Every structure is written in structure tokens, then in C-alpha cells.
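[1] What follows is a predicted protein model with its sequence.
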Amino acid sequence: MRLEAKQLSFRYAKGEPPILEDVDLRVGAGERVALVGPSGCGKSTLARILSGYLEPSAGKVLWNGNILPKKGFCPVQLIGQHPELSVNPRHRMSKILCEAYTPDADMIAAMGIESAWLSRRPGELSGGELQRFCIARALAPQTKFLVCDEISTMLDVITQAQIWELLLRATERRGLGLLVITHNRALAGRVCERVVSLPEINCAL
Amino acid sequence: MFERKGTRARFALNTRTRVTVLIAVAAIYLLGVFVWGLFMSPDAYAVHYADKFTPPGGKYLFGADFMGRNMFFRCVKGLSVSLVIGVIASLVSSVIGLVFGVASATAGGRFDKFILLCVDCCMGLPHLVLLILISYMLGRGARGVLLGVALTHWPELTRLVRAEVLQLRTTHYVQAAYRMGKSRFRVAWDHMLPHVLPVYIVGLVLLFPHAVMHEASITFLGFGLPAETPAIGVILAESMRHIATGKWWLALFPGLMLIIAVILFDVIGENLKRLLNPDSGNE
């Protein structure tokens, strides 16, 4: 069970210089890796490619040695920086939570989600509350790997600590792999076993 | 004082209730006129030469015309005919708009460009000219008017629906739904439809007044319904011959009824928009 990026290259439009070139990355099962780098170096782009949102211009993403499935549930799930953009503003939270699977009551409680929130719409919840829903939604039984793209950047420190606490507990229990993208070196050191600097593996820079 | 306070408190309903009541009242009025006109016997507006040019009053609420026909019943019947044509034409138009809009946004590429070209062509020409052309080509009459109005009102809705679907396709939550194994149909049903449907319904309702007005205007100009049909456009065209001799009621009442119907459609459309939008719907 490993996620691999092989010779990944990506450019947003033809004729433009690539933002990623020949990126090689390998994260094993249950391993927690932090990806750091300055703004605009392609961290989020890499996250979106690794979780199947974008097609690489060259190279491939391998999950257990196979190409990442295009259809069906993707074992690599992405949690984004803006939870308010990741949920349908017209749905109620209970529907959003059950997008991929139906979480049990223990799971909902473990995520710090209050039952009163379930009948609300996204506009009536705060960023931290919404992010808990996004994490719970991504932790489906079929999920094997999580890519966390700056998931706690817009939260206050107490909420950040809570979110990471419950995320780490959940991933540890299931042995999920974790790729954490962050600007926060202290967080990277605290949460992850290994820190990878994107500029060092990205030949485009 | 107490009495007034009480009534005001009872009428201080939230937006949702107030808007629903408004829509219901407008819809009931329009539906009432429509059904009444549909089942009205032609005797109600039969010819009575003895009563010709009777001013508005007791027996003739809206007066009588040059053949002594009861203008009130003729107006109701005429509005009903206009409504039928408006409803059918805007339904056809809106379905064309919905299909073209969704197809154009999902297919993309050349098909998208072609649809946009058609939209630009249709919108670039003055509506009335195109309408007269189509209606004349099809030999006037109800069929000509219906097809003419139906075939000229789809571009606005096409553009609206297309823009909506294009924007939805790139949103993070739609892409996330695909990554969570949702099929195209599920995504369209769960995520796209709830967004497009309000736009579509409001677009459809706001098409009615356009369709009714255009139907009335080409009939007024003589390219639409035949002169014996009691349609608002025909009635208004006839009234123009007598307006100079001071028979004001022949033009005023049918005109007012047409304007009221159009405004009511607008009221329904605008209020539906507020009701279906989650931001303003729960105020």
C-alpha cells in the first residue's frame, strides 16, 4: 500500500512553463509525510494531481503500483484549504456528511460534530465546524490515503490542535497514509515522520 | 390602538410566508382568468347591435364595442387565449433553452461554439422582426404565432443555464463528488439540478410576460391571430379605429388587463427567485 508519483510534470496551459517537472515522491502505508515549500511552488497542484483531481501532463500517479482509478471511489482523498468551497451550499450538513458513506454515531462524536449542526446548511456553520465535516466525509471505509492541503491554516490555534488531534487518532487507528501540505514547519515536525521540501524534488524550479 | 397592533402582529409574517401568499394570489388570479375564458360560452360576448358603443356601466362593466359585444367577457376570453399561447410558447422555449444550455456546457468545443453562434444570431436580431418573419412564413394564425414566439425566446435561458452548469462543473464540491465515486447522473441529480432548477423555473415564469406581450403585439400589427378571434392584440387593434371618436374604454380596459397579467407573472417570477434562493428564502 503505497502512493507514488513517477516523473510527474504539469503545466496549466500549452506553451506555458511547467509548474511541476519530473517530481518523484513515494509515501508508504501508514506513513505521515509533510510537503513544504514557498507559495506558488506547486504544492496544491501536486496535491490535486495525487488525489486525481487533475491529470498530469506527463508521468503517472501509482497506487499500489497501479494507475489511480479514474472512476469509482478514489482511495486517495483530498481535504482542502477552504471547507466552505468543498460543500454544496444548498445541501444540509447531514446530506453532505453522507456523500460517500454513512458515518456511525461514534465517528460523528469523535469528529466533534454536534447533532444540532446536522440540520443546518453550510452558510450557518463556521470554518472549523465545516472542516470537521469535510474530514469526516473523507474518512470513508474505502479511503486508504489522505492528502491534507493546508487544512488548518484558516483556523485558530485551539481548533487547529483539536482538528489534528482527531485526524491523527483516526488515521492511526486505520493505518492510513497521510500527506500534509503546510507552511508551518513546527506543525510538519510535530505531525509527520518525514518532511519533504517540494523545491528540492521539483525540477521546474 | 390595541386593535391595530394586533393586526399588524398577525401580518408581520416572515418573508417565506408573505412571498408564498403573494405567489398564490397572483397564480390564482391568472389561473382563474385562464379557466374562465377557456370554458366561457361565445354567447357571453355575442353581438347586440342595439347596445353598440355603450359606455362602461352596470350591464357592460367594460362597455360595449361597435358590434355591441360585451367587452368584459371579450377581454377575459382574449386574455385566456393569450395566456394559452404564452404558456405553450414559453414552455417550448424554456425546454429548448434547458437542453441547449446543458448540452452546450457539457459537450463544449465546437458544439458549444455553434450554440453560442445561434444564441448571438437570435439575440442580435430585433425580436419583433424575427417573430413577424417566422409567423408570416408559417401562414400567420395561431400556429404561426405560437411557433414564432416559441422559437425566439430560448437564447436568454440557454445562456443562463449554460453559465450555471459551466460554473458548477469546476466547483470543488462537484469534483469531490466525482472522486467519491458518484456517477455522472448522481452528480447531475444531487448537485447540478438543485442549482439549475431555480434558474430554469424563474426563467420559465419570466418568459411568460415576454411571450404574452409579443403575441399581443404581432397580433396588433396584423401578423398574428385572425381578426375574429377574441385575443387581446385583436381587441386593441380594433379599438384603435374608435379611439379618435372618444371610445376610450375599448382600449383602456383590455390594455389594463394585459398589463396586470404581465405584471403578475413578473411578481410570481421575482418572488419565486427569492423563495428558491437559500440566502433570501429563510429571511
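    That came through, no problem.
[2] Find the residue closest to residue A:139 in space, skipping its chain neighbours.
    Of all residues not flanking residue A:139 in the chain, residue A:170 sits nearest, at 5.6 Å (C-beta to C-beta, 6 or more residues apart in numbering or on different chains). (Each C-beta comes from the backbone N, C-alpha and C, glycine too.)
[3] burial measure for the one you found, as a count.
    Residues within reach of residue A:170, counting by other C-beta atoms under 10 Å in any protein chain shown, total 19.
[4] what residues does chain A put near chain B?
    A:51-53, A:71-74, A:77-78, A:80, A:82, A:85-91, A:99-100, A:121, A:123, A:137, A:140, A:142 (C-beta under 8 Å from any C-beta of the partner chain).
[5] Filter the residues you listed down to the buried ones and hand me the PyMOL line.
    A single PyMOL command selects the buried members of those (16 or more other C-beta atoms under 10 Å in any protein chain shown):
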select buried, chain A and resi 51+52+53+73+74+77+78+80+82+86+87+88+89+90+91+99+100+121+137+140
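[6] So which of the residues of chain A next to chain B belong to helices?
    residue A:137 (DSSP state H).
[7] Quick check on residue 181: phi, psi?
    Went with chain A since none was named. phi -100, psi 130 (degrees, to the nearest 10).
[8] Actually, chain B is the one I wanted.
    phi 80, psi 10.
[9] which residues sit in contact with the one residue in chain A that gets nearest to chain B?
    Here chain A gets closest to chain B at one residue, residue A:73, 3.5 Å apart by C-beta to the nearest C-beta. With contact taken as C-beta atoms under 8 Å, 6 or more residues apart in numbering or on different chains, residue A:73 is in contact with A:100, A:140, A:142, B:179, B:180, B:181.
[10] I'd guessed residue B:134 sits against residue B:152; true?
    Yes - contact criterion C-beta atoms under 8 Å: residue B:134 and residue B:152 qualify, at 7.1 Å.
[11] Name the residues of the longest helix along chain B that are buried.
    Criterion DSSP H: the longest helix present in chain B is helix B:71-107. By 16+ other C-beta under 10 Å, the buried positions in helix B:71-107 come out as B:71-90, B:92-94, B:96-98, B:100-106.
[12] who does that helix touch, helix- and strand-wise?
    With contacts defined as 3 or more C-beta pairs under 8 Å, 6 or more residues apart in numbering or on different chains; DSSP states H and E, helix B:71-107 has these neighbours: helix B:15-38, helix B:109-124, helix B:141-152, helix B:155-169, helix B:193-220, helix B:232-239, helix B:249-276.
[13] For the stretch 101-250 of chain B, give me the ranges with low pLDDT.
    Applying pLDDT under 70 to the stretch 101-250 of chain B flags no residue at all.
[14] what residues does it put near chain A?
    B:171-173, B:175-177, B:179-182, B:190-191, B:194-195.
[15] So of those, which two are at opposite extremes in space?
    Pairwise distances across those (C-beta to C-beta) peak at 21.1 Å, for the pair B:181 and B:195.
[16] Where does chain B get nearest to chain A, which residue?
    residue B:181 (3.5 Å).
[17] Quick check: that residue vs residue B:47, distance?
    According to C-beta to C-beta, to the nearest Å, residue B:181 and residue B:47 sit 71 Å apart.
[18] ok, now residue A:40?
    82 Å.
[19] ditto for residue B:113
    Taking C-beta to C-beta, one finds residue B:113 at 57 Å from residue B:47.
[20] higher neighbour count, the two?
    Just comparing residue B:113 and residue B:47: by other C-beta under 10 Å the higher neighbour count belongs to residue B:47, 14 against 11.
[21] Checking the closest residue to the more buried one other than its chain neighbours next. Helix, strand or coil?
    Nearest in space to residue B:47, with sequence neighbours left out and distances taken as C-beta to C-beta, 6+ apart, is residue B:67 at 4.7 Å. The three-state assignment at residue B:67 reads coil, by DSSP: H, G, I helix; E, B strand; the rest coil.
[22] So what's the residue count around residue B:141?
    By other C-beta under 10 Å, neighbour count at residue B:141 equals 13.
[23] That one: what's it in contact with?
    So residue B:141 contacts B:225, B:226 (C-beta under 8 Å, 6+ apart).
[24] Just list whatever residues bridge to residue A:28.
    Beta-bridge pairing for residue A:28 (DSSP bridges): residue A:2.
[25] so it touches residue A:144, yeah?
    No - using C-beta under 8 Å, residue A:28 makes no contact with residue A:144, being 11.6 Å away.
[26] Which one of the two is surrounded by more residues?
    residue A:144 (21 against 13).
[27] show me the contacts for that one.
    A:1, A:29, A:63, A:75, A:76, A:176, A:177.
[28] Next one: it relative to residue A:85, how far apart?
    Taking C-beta to C-beta, one finds residue A:144 at 25 Å from residue A:85.
[29] in the top helix by length along chain A, what's buried?
    Ranked by residue count, the top helix of chain A under DSSP H comes out as helix A:157-174. By 16+ other C-beta under 10 Å, the buried positions in helix A:157-174 come out as A:159, A:160, A:162, A:163, A:164, A:166, A:167, A:170, A:171.
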